[in-house]
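Enquirer: Just the structure for this:
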Amino acid sequence: MAPAVVIEKLQKRYGSVDAVKDVSLTIESGEIFGLLGPNGAGKTTTLRCLCTLATPDSGQIQVSGDSVLTHPRRARQRLGYVAQEVALDKVLTGRELLELQAALYHIPRAQIKGRIAQVVSLLSLSEWIDQKTGTYSGGIRKRLDLAAGLLHQPDVLVLDEPTVGLDIESRVAVWDFLRQLRTAGTTVLITSHYLEEVDALADRVAIIDKGLVIATGTPSALKDGLGGDRITLRLREFTPAAEAESTKVMLSALSFVQDVIINEAQGNSLNLVVEPQSDALLTIQQALKEAGLPTFGISQSRPSLDDVYLAATGQTLLDADLAAVALRDPKKEKKQSMR
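Expert: Just a heads-up that it's a prediction; the model follows:
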């Protein structure tokens, strides 16, 4: 059986901007695959090329063995796409919108009623399906958008930020629904800013930065590959660069410290990789005290997907997002940094 999705050496430019420089991915049938990365990393452009909404400058894309470039109509039949922004006609009821979607996909008239009943039941929409979508809450709007994406029974469901803006209860409902789809054999490809979402849902994940895939694997393998625990240390709220550098040298000499990264975007905080041991924090605090250095804040944790990104790029996903915002709107970035 062919993989659900194969992307090879994908490239896409918008004017002078390399939105996607080189993305290659293979997504197996029946798995949830996560694309993780900051704003501007190339996630949405990759999805748009996959779903025939944008034409790549170079590269190959296949869906269940069909080329997106040479057989776009066949590929679209195999894909369901739910964009980040939910766009619904507020004067239509949920049922009327699904009937319109069914017609656009040329679903045989005799099957439309049954298909709608199936997705309405799957997403628990019975209470709202005959009400106008303008009365829906954000969570119900997202469920209806998911129902529209599933109506033609695609092999692959593509979701761009599926739970952005939703409350916790609605997010959990979407998570449970996606797990049901995986159990039923549907392949799910999601992009997300929520690290815990990708960690909880994805069988495998690819981290994208500046149009390049910088890491691929299961969430657990990516985290385990880093080795050791993480300690985040802030000497001061804003530590002078020279003091951070000298502290890095001092802490690197401790036998259980494997690596030290200075995070300039967070006031020159120090991110340490240490061998798991119960007294690591106490030993570091004692070393700082003996050196006459302050401790503004210190914490220890197991590796996370954000640590994977930090190790590969030298900044956290949040830092990268703020940097992307600053490029687009310097005034907005200044306001956020003052909070």
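Enquirer: which residue sits closest to Glu161, ignoring its sequence neighbours?
Expert: Leaving aside its sequence neighbours, Glu161 sits nearest to Gln84 (Cβ to Cβ, 6 or more residues apart in numbering; 4.2 Å). All C-beta spots, glycine's among them, are computed from the backbone N, C-alpha and C.
Enquirer: For the one you found, which three-state class applies?
Expert: coil (DSSP: H, G, I helix; E, B strand; the rest coil).
Enquirer: any low-confidence regions in the stretch 101-250 of the chain?
Expert: For the stretch 101-250 of the chain, applying pLDDT under 70 flags no range at all.
Enquirer: mind saving the C-alpha coords of stretch 291-298 as CSV?
Expert: Backbone C-alpha positions of stretch 291-298 (Å, rounded to 0.1, in the frame of the first residue of the first chain) are rendered in CSV as follows:
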residue,chain,number,x,y,z
ALA,A,291,30.4,32.3,43.0
GLY,A,292,28.4,35.2,44.4
LEU,A,293,25.8,35.0,41.6
PRO,A,294,22.1,35.7,42.1
THR,A,295,19.2,33.3,41.2
PHE,A,296,16.2,35.1,39.8
GLY,A,297,14.5,31.8,38.8
ILE,A,298,15.3,28.2,38.3
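Enquirer: Show me what it is in contact with.
Expert: Residues from elsewhere that reach stretch 291-298 (Cβ atoms under 8 Å, 6 or more residues apart in numbering): 231-237, 239, 243, 247, 250, 281, 284-285, 288.
Enquirer: Just the buried ones from those residues?
Expert: The neighbour count (16 or more other Cβ atoms under 10 Å) marks Ile231, Thr232, Leu233, Arg234, Leu235, Arg236, Thr239, Thr247, Met250, Leu281, Ile284, Leu288 as buried among the contacts of stretch 291-298.
Enquirer: coming back round to it: if I pick the residue nearest to Glu161, what's in contact with it?
Expert: Gln84 neighbours (Cβ under 8 Å, 6+ apart): Thr44, Asp160, Glu161, Val164.
Enquirer: Tell me the one among those residues nearest to Thr313.
Expert: The closest of those to Thr313 turns out to be Thr44 (Cβ to Cβ; 19.1 Å).
Enquirer: is it true that the closest one touches Ser192?
Expert: No. Assessed by Cβ atoms under 8 Å, Thr44 is found out of contact with Ser192, at 11.6 Å.
Enquirer: sorry, back to before: can you list the buried ones among the contacts of stretch 291-298 in a markdown table and add distance to Ile298?
Expert: Listed next are those as a markdown table, based on distance: Cβ to Cβ, whole Å:
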| residue | distance to Ile298 |
| --- | --- |
| Ile231 | 7 |
| Thr232 | 7 |
| Leu233 | 5 |
| Arg234 | 7 |
| Leu235 | 9 |
| Arg236 | 12 |
| Thr239 | 13 |
| Thr247 | 12 |
| Met250 | 15 |
| Leu281 | 6 |
| Ile284 | 7 |
| Leu288 | 9 |
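Enquirer: Run a quick check on Asn39 versus Asp319, I expect a contact.
Expert: No. Using Cβ under 8 Å, Asn39 makes no contact with Asp319, being 11.7 Å away.
Enquirer: re earlier: in helices only, show me the buried ones among the contacts of stretch 291-298.
Expert: Taking DSSP state H, the ones among these that sit in helices are Thr247, Met250, Leu281, Ile284, Leu288.
Enquirer: Return the residues in contact with the last one.
Expert: Leu288 makes contact with Leu235, Thr247, Pro294, Thr295, according to Cβ under 8 Å, 6+ apart.
Enquirer: Go through the contacts of stretch 291-298 and say which is closest to Arg182.
Expert: Thr232 (33.6 Å).
Enquirer: Show me what the closest one bridges to in the sheet.
Expert: Beta-bridge partners of Thr232, counted by DSSP bridges, are Asn271, Ser299.
Enquirer: who's in contact with it?
Expert: Per Cβ under 8 Å, 6+ apart, neighbours of Thr232: Ser269, Leu270, Asn271, Leu272, Gly297, Ile298, Ser299, Ser301.
Enquirer: Tally up the residues packed near the third one, please.
Expert: Read it as Asn271. Neighbours of Asn271 under the rule other Cβ atoms under 10 Å: 19.
Enquirer: excluding its backbone neighbours, what's nearest the most centrally placed residue in the chain?
Expert: Central residue of the chain (Cα atoms, centre = their mean): Ser192, 2.5 Å from the mean position. Nearest residue to Ser192, sequence neighbours excluded (Cβ to Cβ, 6+ apart): Val198, at 5.3 Å.
Enquirer: Can you get me a residue count around Arg73?
Expert: Neighbours of Arg73 under the rule other Cβ under 10 Å: 8.
Enquirer: Quick check: it vs Asp319, distance?
Expert: 42 Å (Cβ to Cβ, to the nearest Å).
Enquirer: Repeat that for Ser64.
Expert: For Ser64, the distance to Asp319 - Cβ to Cβ - is 38 Å.
Enquirer: Then Lys210?
Expert: Lys210 is 14 Å from Asp319, by Cβ to Cβ.
Enquirer: And for Gln111?
Expert: 49 Å.
Enquirer: need the next SSE after whichever helix in the chain runs longest, C-terminal direction.
Expert: Taking DSSP H as the criterion, the chain has its longest helix at helix 168-183. The helix or strand immediately downstream of helix 168-183 is strand 187-192, counting by DSSP states H and E.
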